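Colleague: how would this look folded up:
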Amino acid sequence: MSRIGKNPVVVPKDVTVDVSGQTVKVKGKLGELSLVVHEAVGVKLQDSEGGLKEVALSPLSEDRKERMLWPTFRNHVKNMVIGVDKGYTKNLEIHGVGLRANLQGSELVLQLGFSHDIRYAIPEGIKIAVDKQTKISVAGIDKQKVGQVAAEIISFRPPEPYKGKGIRYEGQDILRKEGKKK
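Modeller: Predicted coordinates:
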């Protein structure tokens, strides 16, 4: 029995959830998301004790694969509910002399010490803000998409281990190596 899967997802008052078959649609103040749940997992919308709605997922058999999919899809539904209610944000920092970022229309322009500027087209559903040319904020309602965009931006210039130059998550510690000795 999964400890995560057996807990139902509580839906806040300002979020509406519609379950039709294996499709779960979540709508909130920030937007709307939908997910098709695997046919090995059952989904139902029910009332909770506090007067709120909750989404309960359960495996349709005791097969190992179905028991693994059950908590995974439960967390996908939970992430959708949190996303349309509060949203997700990843903050990035740029470290290094001459490294900076700017927004130009619907593109993020990164100057990362190469001979050319890197132009990153901002995907639909994602908002990017640049503060002081060294801080980038990636926000959106889809947790997976926000994390993917942040990882793509970091991949242009990941932090190197000797001086720590590059793009990193806010608060991330970089394990530093000792340089050459004379």
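
Colleague: centroid residue for this protein?
Modeller: What sits nearest the mean C-alpha location of the chain, by Cα atoms, centre = their mean, is K143, with 2.4 Å.

Colleague: Next up, the contacts around that one.
Modeller: 79, 82-83, 88 (Cβ atoms under 8 Å, 6 or more residues apart in numbering). (C-beta placed from N, C-alpha, C; glycine too.)

Colleague: what residues are up against the nearest residue to L112 once chain neighbours are set aside?
Modeller: Distances taken as Cβ to Cβ, 6 or more residues apart in numbering place R157 nearest to L112, at 4.2 Å, with adjacent residues excluded. Residues near R157 by Cβ under 8 Å, 6+ apart: 99, 110, 112-113, 165-167.

Colleague: so where is the protein shaky, pLDDT-wise?
Modeller: Scanning the chain for pLDDT under 70 picks out the ranges 1-2.

Colleague: Kindly recompute the last result at 80.
Modeller: 1-6, 48-51, 182 (pLDDT under 80).

Colleague: Tell me where the longest helix sits in it.
Modeller: helix 64-85 (DSSP state H).

Colleague: what's the burial count for the closest residue in space to the residue nearest to the centre of the chain that isn't next to it in sequence?
Modeller: Residue nearest to K143 in three dimensions, not counting chain neighbours: N79, with 4.5 Å by Cβ to Cβ, 6+ apart. Residues within reach of N79, counting by other Cβ atoms under 10 Å, total 19.

Colleague: Could you do S48 as well?
Modeller: Counted with other Cβ under 10 Å, S48 comes out at 12.

Colleague: Not counting its neighbours along the chain, what's nearest it?
Modeller: Closest residue to S48 apart from its sequence neighbours, by Cβ to Cβ, 6+ apart: E54 at 4.5 Å.

Colleague: Would you agree the one you found is in contact with K44?
Modeller: No - E54 is not in contact with K44 according to Cβ atoms under 8 Å; the separation is 9.6 Å.

Colleague: Who has more neighbours out of those two?
Modeller: In this view E54 and K44 are compared by other Cβ under 10 Å, and E54 has more residues nearby, 18 against 11.

Colleague: Secondary structure element holding the more buried one?
Modeller: strand 53-59 (DSSP states H and E).

Colleague: Now do that strand: everything it contacts.
Modeller: So strand 53-59 is in contact with 5, 8-11, 17, 19, 24, 37, 40-48, 66-67, 69-70, 73-74, 77, 81, going by Cβ under 8 Å, 6+ apart.

Colleague: Distance-wise, check the residue nearest to L112 relative to G98.
Modeller: Using Cβ to Cβ, to the nearest Å, R157 is found at 12 Å from G98.
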